[in-house]
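Student: Structure of the sequence below:
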Amino acid sequence: MEKEVTTPEYYPLSLNALINACNQRSNREPVMDLDEEAVRMALHRLEDLHLAGRARADGRVAKYEHWSGEAYNFSRAEAALLCVLLLRGPQTPGELRGRTERLHRFDEITDVLAGLQKLTERTPPLVAVLPRQPGTKESRYMHLLSGGVESLPAIAAAPTYARREPVQLAEQNPAHEERIAKLEAEATELRQEVIALRAKIDDLFGD
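Tutor: Next up is the predicted model:
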(Lines give C-alpha, C1' and ligand atoms only; values in the text may rest on other atoms or scores of the structure.)
Protein backbone atom coordinates (compact mmCIF):
# COMPACT_ATOMS: atom_id res chain seq x y z
CA MET A 1 0.00 0.00 0.00
CA GLU A 2 2.80 2.40 0.88
CA LYS A 3 4.96 1.69 -2.19
CA GLU A 4 2.02 1.96 -4.58
CA VAL A 5 1.73 5.65 -3.63
CA THR A 6 5.32 6.65 -2.78
CA THR A 7 7.17 4.76 -5.56
CA PRO A 8 4.58 3.97 -8.25
CA GLU A 9 7.32 3.49 -10.86
CA TYR A 10 8.49 0.35 -8.99
CA TYR A 11 5.03 -1.02 -8.21
CA PRO A 12 3.91 -3.86 -8.33
CA LEU A 13 6.88 -5.22 -6.40
CA SER A 14 9.18 -8.10 -7.26
CA LEU A 15 9.81 -10.57 -4.46
CA ASN A 16 13.20 -9.03 -3.75
CA ALA A 17 11.74 -5.51 -3.67
CA LEU A 18 8.97 -6.72 -1.37
CA ILE A 19 11.48 -8.26 1.04
CA ASN A 20 13.47 -5.01 1.09
CA ALA A 21 10.29 -3.02 1.72
CA CYS A 22 9.31 -5.29 4.61
CA ASN A 23 12.78 -4.92 6.14
CA GLN A 24 13.03 -1.15 5.59
CA ARG A 25 14.73 0.60 8.50
CA SER A 26 12.81 3.89 8.33
CA ASN A 27 9.11 4.48 8.95
CA ARG A 28 8.70 1.04 10.54
CA GLU A 29 7.88 0.04 14.11
CA PRO A 30 8.97 -2.55 14.87
CA VAL A 31 11.76 -2.95 12.31
CA MET A 32 11.63 -6.46 10.85
CA ASP A 33 14.18 -8.83 9.38
CA LEU A 34 12.15 -11.24 7.25
CA ASP A 35 13.73 -13.81 4.97
CA GLU A 36 12.39 -14.97 1.61
CA GLU A 37 10.55 -17.96 3.07
CA ALA A 38 8.68 -15.81 5.61
CA VAL A 39 7.62 -13.35 2.91
CA ARG A 40 6.46 -16.14 0.59
CA MET A 41 4.38 -17.69 3.38
CA ALA A 42 2.82 -14.32 4.18
CA LEU A 43 1.98 -13.83 0.50
CA HIS A 44 0.26 -17.22 0.39
CA ARG A 45 -1.83 -16.34 3.45
CA LEU A 46 -2.76 -12.94 2.01
CA GLU A 47 -3.71 -14.56 -1.28
CA ASP A 48 -5.99 -16.98 0.55
CA LEU A 49 -7.66 -13.93 2.14
CA HIS A 50 -7.88 -12.18 -1.26
CA LEU A 51 -5.81 -9.28 0.08
CA ALA A 52 -2.64 -9.61 -2.03
CA GLY A 53 -1.06 -11.80 -4.66
CA ARG A 54 0.72 -11.99 -7.98
CA ALA A 55 0.07 -9.01 -10.22
CA ARG A 56 -2.20 -9.63 -13.18
CA ALA A 57 0.42 -8.54 -15.71
CA ASP A 58 2.75 -10.51 -17.92
CA GLY A 59 6.47 -10.22 -17.33
CA ARG A 60 9.66 -12.18 -16.88
CA VAL A 61 9.87 -11.44 -13.15
CA ALA A 62 6.91 -12.27 -10.92
CA LYS A 63 5.55 -9.17 -9.20
CA TYR A 64 3.08 -8.78 -6.38
CA GLU A 65 0.38 -6.29 -5.49
CA HIS A 66 -2.14 -5.68 -2.72
CA TRP A 67 -5.87 -6.04 -3.35
CA SER A 68 -7.12 -4.02 -0.38
CA GLY A 69 -8.90 -1.60 -2.70
CA GLU A 70 -10.99 -4.39 -4.13
CA ALA A 71 -11.55 -5.98 -0.74
CA TYR A 72 -12.50 -2.84 1.20
CA ASN A 73 -13.07 0.01 -1.29
CA PHE A 74 -11.03 2.43 0.82
CA SER A 75 -10.99 6.17 0.29
CA ARG A 76 -7.51 7.71 -0.02
CA ALA A 77 -7.78 8.95 3.56
CA GLU A 78 -8.80 5.56 4.94
CA ALA A 79 -6.08 3.75 3.00
CA ALA A 80 -3.40 6.16 4.26
CA LEU A 81 -4.48 5.85 7.90
CA LEU A 82 -4.68 2.07 7.85
CA CYS A 83 -1.37 1.80 6.02
CA VAL A 84 0.48 3.87 8.62
CA LEU A 85 -1.19 1.99 11.47
CA LEU A 86 0.08 -1.24 9.92
CA LEU A 87 3.58 0.22 9.54
CA ARG A 88 3.93 1.96 12.91
CA GLY A 89 1.50 0.36 15.36
CA PRO A 90 -0.85 2.28 17.71
CA GLN A 91 -0.67 6.06 17.24
CA THR A 92 -2.44 9.26 18.19
CA PRO A 93 -4.35 11.30 15.58
CA GLY A 94 -1.56 13.89 15.70
CA GLU A 95 1.09 11.29 14.95
CA LEU A 96 -1.01 9.84 12.15
CA ARG A 97 -1.46 13.26 10.55
CA GLY A 98 2.31 13.78 10.44
CA ARG A 99 3.18 10.29 9.23
CA THR A 100 0.58 10.06 6.47
CA GLU A 101 1.89 13.19 4.72
CA ARG A 102 3.44 11.25 1.81
CA LEU A 103 0.33 9.10 1.32
CA HIS A 104 -2.48 11.61 1.82
CA ARG A 105 -2.53 15.18 3.14
CA PHE A 106 -4.90 15.87 6.01
CA ASP A 107 -5.49 19.62 6.30
CA GLU A 108 -6.97 19.42 9.79
CA ILE A 109 -6.81 16.98 12.69
CA THR A 110 -10.59 16.71 12.40
CA ASP A 111 -10.06 15.13 8.96
CA VAL A 112 -7.90 12.46 10.57
CA LEU A 113 -10.53 11.80 13.21
CA ALA A 114 -13.23 11.56 10.55
CA GLY A 115 -11.20 8.96 8.65
CA LEU A 116 -10.55 6.96 11.81
CA GLN A 117 -14.25 7.10 12.66
CA LYS A 118 -15.15 5.59 9.29
CA LEU A 119 -12.70 2.76 9.85
CA THR A 120 -14.12 2.06 13.31
CA GLU A 121 -17.67 1.99 11.93
CA ARG A 122 -17.00 -0.64 9.30
CA THR A 123 -18.44 -4.13 9.69
CA PRO A 124 -16.35 -5.64 11.10
CA PRO A 125 -14.38 -2.66 12.48
CA LEU A 126 -10.87 -2.23 11.09
CA VAL A 127 -9.64 0.24 13.73
CA ALA A 128 -10.24 0.65 17.46
CA VAL A 129 -9.40 3.38 19.95
CA LEU A 130 -7.29 2.30 22.92
CA PRO A 131 -8.02 3.44 26.47
CA ARG A 132 -6.30 6.74 27.17
CA GLN A 133 -3.19 6.24 29.27
CA PRO A 134 -2.53 8.17 32.49
CA GLY A 135 -0.81 11.49 31.84
CA THR A 136 -1.65 11.60 28.11
CA LYS A 137 -4.02 13.98 26.33
CA GLU A 138 -4.67 12.00 23.15
CA SER A 139 -5.98 8.49 22.73
CA ARG A 140 -4.14 6.09 20.44
CA TYR A 141 -5.72 4.09 17.64
CA MET A 142 -4.73 0.63 16.43
CA HIS A 143 -5.69 -1.52 13.45
CA LEU A 144 -7.65 -4.73 14.02
CA LEU A 145 -6.34 -6.78 11.08
CA SER A 146 -4.30 -8.90 13.50
CA GLY A 147 -7.11 -9.39 16.00
CA GLY A 148 -8.97 -7.41 18.64
CA VAL A 149 -7.57 -5.05 21.24
CA GLU A 150 -7.74 -7.76 23.87
CA SER A 151 -5.34 -9.92 21.85
CA LEU A 152 -2.55 -7.34 22.27
CA PRO A 153 -2.45 -6.52 26.00
CA ALA A 154 1.22 -5.50 25.85
CA ILE A 155 0.45 -2.70 23.41
CA ALA A 156 -2.51 -1.45 25.41
CA ALA A 157 -0.36 -1.35 28.53
CA ALA A 158 2.71 0.25 26.94
CA PRO A 159 4.65 2.65 29.18
CA THR A 160 3.69 6.31 29.01
CA TYR A 161 5.75 9.48 29.06
CA ALA A 162 4.27 10.58 32.38
CA ARG A 163 5.63 8.53 35.27
CA ARG A 164 3.47 7.43 38.15
CA GLU A 165 5.20 9.41 40.87
CA PRO A 166 4.85 12.92 39.32
CA VAL A 167 1.17 12.26 38.64
CA GLN A 168 0.62 11.47 42.30
CA LEU A 169 2.47 14.62 43.35
CA ALA A 170 0.36 16.69 40.99
CA GLU A 171 -2.78 15.61 42.79
CA GLN A 172 -1.31 17.02 46.01
CA ASN A 173 0.29 20.19 44.65
CA PRO A 174 -1.16 22.39 41.84
CA ALA A 175 2.33 23.70 41.05
CA HIS A 176 3.44 20.19 40.14
CA GLU A 177 0.36 19.74 37.96
CA GLU A 178 1.11 22.95 36.05
CA ARG A 179 4.76 21.95 35.57
CA ILE A 180 3.80 18.51 34.27
CA ALA A 181 1.26 19.99 31.87
CA LYS A 182 3.96 22.30 30.50
CA LEU A 183 6.42 19.42 30.09
CA GLU A 184 3.81 17.31 28.33
CA ALA A 185 3.06 20.15 25.92
CA GLU A 186 6.79 20.57 25.18
CA ALA A 187 7.16 16.80 24.64
CA THR A 188 4.22 16.80 22.23
CA GLU A 189 5.75 19.69 20.29
CA LEU A 190 9.12 17.90 20.11
CA ARG A 191 7.49 14.69 18.88
CA GLN A 192 5.73 16.62 16.11
CA GLU A 193 9.04 18.23 15.10
CA VAL A 194 10.72 14.81 14.96
CA ILE A 195 7.87 13.47 12.80
CA ALA A 196 8.22 16.41 10.42
CA LEU A 197 12.00 15.91 10.23
CA ARG A 198 11.60 12.22 9.48
CA ALA A 199 9.20 13.04 6.66
CA LYS A 200 11.70 15.54 5.19
CA ILE A 201 14.51 12.97 5.43
CA ASP A 202 12.36 10.37 3.66
CA ASP A 203 11.58 12.92 0.92
CA LEU A 204 15.28 13.74 0.49
CA PHE A 205 16.72 10.25 0.49
CA GLY A 206 13.71 8.15 -0.54
CA ASP A 207 12.93 4.70 0.82
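Student: where does the residue most central in space within the chain sit relative to residue 53, distance-wise?
Tutor: Most central residue of the chain, judged by C-alpha distance to the mean C-alpha position with C-alpha atoms, centre = their mean, is residue 85 at 2.1 Å. Distance of residue 85 to residue 53, given as C-beta to C-beta, to the nearest Å: 22 Å. Yep, even glycine has a C-beta here, placed from its N, CA and C like the rest.
Student: How much space separates the nearest residue to residue 29 once chain neighbours are set aside from residue 95?
Tutor: Leaving aside its sequence neighbours, residue 29 sits nearest to residue 88 (C-beta to C-beta, 6 or more residues apart in numbering; 4.7 Å). Using C-beta to C-beta, residue 88 is found at 8 Å from residue 95.
Student: ok, those two, which is more surrounded?
Tutor: residue 95 (20 against 15; other C-beta atoms under 10 Å).
Student: can you pull the contacts of that one?
Tutor: 88, 191, 195 (C-beta atoms under 8 Å, 6 or more residues apart in numbering).
Student: Which ones among those residues map onto helices?
Tutor: 88, 191, 195 (DSSP state H).
Student: Tell me the pLDDT of the first one.
Tutor: The one in question is residue 88. Note on residue 88: pLDDT of 96.
Student: same thing with the second one?
Tutor: Among the per-residue scores, residue 191 shows a pLDDT of 72.
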